[in-house]
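[1] okay, sequence plus prediction incoming.
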Amino acid sequence: MEFQGSYIATAIGSFPHKEEKEVLPFILRDFPLIPFWPQLPNRSFLEGMVAQYSEGFPCLKQDEKEQRLWIDTSSGFDEDVERFYQAVEKDDVEFFRISENYARGLRLLEDLAKEEVRKKIKYIKAQVTGPITFGLSLSDQEKRPIFYDPTLREILIHHLSFKARWLEKRLHDLFPSIPTIIFFDEPALSAFGSAFSGLNQENVTLSLNQCYSAVEGLKGTHCCGNTDWSLLLSTGLDILSFDAYGYLENLSLYPKELKYFLERGGILAWGIVPTSEEVLKEDAQSLVNRFQKGVEALSKEGIDPALLKRAILTPSCGTASLSIPLAERVCHLTAEISKRLREEA
């Protein structure tokens, strides 16, 4: 699917609010062209980045009081895995549904599907925690991250692929004529290549590509830190979402890979609005200037500026860790930058 549009705004997904209805006005105001359902981790432990997509994982244990999740393979594992793979083999997408307790924000999709809202939408977005972040954050009873266990890694790839498929089906049901975007969020990729990471490049690439292949529409990955960008750019993703406010120079170190990615139809989602106190030092024009300097820097590396116009604009990360007023400022600035750049295009 080819992306149509320039400088369209959307967000990463998380908000500091506890009620989804509080977020709806800001999505409608600031992100009408690419709206999404909001994640509300401050509402419940179950809406945390890993917990939200853990529902139905074989031998999952959780302690809400201690806010802890883990996988216990010491009892009942074979039976749970058998049920899991029966659902996979039957292509039972509904087995992997995300219930309301885990994602209250999914309710907003019905509000967004109302005709007066839907007619403005160019793309509809959802997000899933990616296999690397999920697999490194969720451990077994020995406190070993499940990504390092080949059996559990295979399960988690199927699990997240079907979660993405369930979300995509939900979007198709409510927005039948609107193209979809599914992000696999991967903050843990910031650790790739460090001395403290035991990640294997082949396992990382294979895991990501298997998840991407489950998605029919556009698929992206958001990484809010620095990483080996050549790895992500070599996968089958369509949209690379990065912290352009903090790490543009790092991405520019990979001009060959970036050029190939853009020439094959890839899109950059520029996280140009900082999701920190730094946002108080910026206004829309200062961030427009920063974006334009970024385009100039990439152009000097041989990137065709015309390819960089096919861009999405976002905050640099989710806003759940911010105060509500600060999160709303981030959203408003993202929308204003998008508006100014589209008017200048």
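    Yes, it's here. Please read all numbers here as calculations on a predicted model, not as lab measurements.
[2] any figure for the gap between C223 and I157?
    18 Å (Cβ to Cβ, to the nearest Å). Quick note: C-beta positions are derived from backbone N, CA and C, even for glycine.
[3] all helices for the stretch 1-150 of the chain, in order.
    Secondary structure of the stretch 1-150 of the chain (DSSP state H, counting those that start in this stretch): helices located at 20-30, 77-89, 108-112, 115-118, 131-137, 150-174.
[4] run a quick check on Y7 versus L308, I expect a contact.
    No: counting by Cβ atoms under 8 Å, Y7 sits too far from L308 to count as a contact (10.0 Å).
[5] hmm, back to that, and C223 and I157? which has more neighbours close in?
    C223 (25 against 21; other Cβ atoms under 10 Å).
[6] measure the more buried one to P150 for me?
    Taking Cβ to Cβ, one finds C223 at 24 Å from P150.
[7] and the strands in the stretch 1-150 of the chain, which stretches?
    8-9, 60-63, 68-71, 124-129 (DSSP state E, counting those that start in this stretch).
[8] Q39 reaches T129, doesn't it?
    No: counting by Cβ under 8 Å, Q39 stays clear of T129, with 9.8 Å between them.
[9] give the residues shared as contacts by the two.
    M49, Q52 (Cβ atoms under 8 Å, 6 or more residues apart in numbering).
[10] returning to that earlier point: highest mean neighbour count out of the helices of the stretch 1-150 of the chain?
    helix 131-137 (a mean of 24; mean count of other Cβ atoms under 10 Å).
[11] still on that earlier bit, mean pLDDT added to the helices of the stretch 1-150 of the chain, as CSV?
    As requested, the helices of the stretch 1-150 of the chain are exported to CSV (pLDDT from 0 to 100):
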stretch, mean pLDDT
helix 20-30, 96
helix 77-89, 97
helix 108-112, 96
helix 115-118, 94
helix 131-137, 96
helix 150-174, 98
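[12] the ones you listed: which one's closest to C317?
    helix 131-137 (12.9 Å; Cβ to Cβ).
[13] now that closest one - C-alpha only, CSV.
    Output in CSV follows, covering the C-alpha atoms of helix 131-137 (Å, rounded to 0.1, in the frame of the first residue of the first chain):
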residue,chain,number,x,y,z
PRO,A,131,8.2,-8.5,19.8
ILE,A,132,11.6,-7.3,21.1
THR,A,133,10.2,-5.0,23.8
PHE,A,134,7.5,-7.5,24.8
GLY,A,135,10.0,-10.4,24.9
LEU,A,136,12.6,-8.6,26.9
SER,A,137,10.1,-7.1,29.3
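[14] cool, thanks, talk later.
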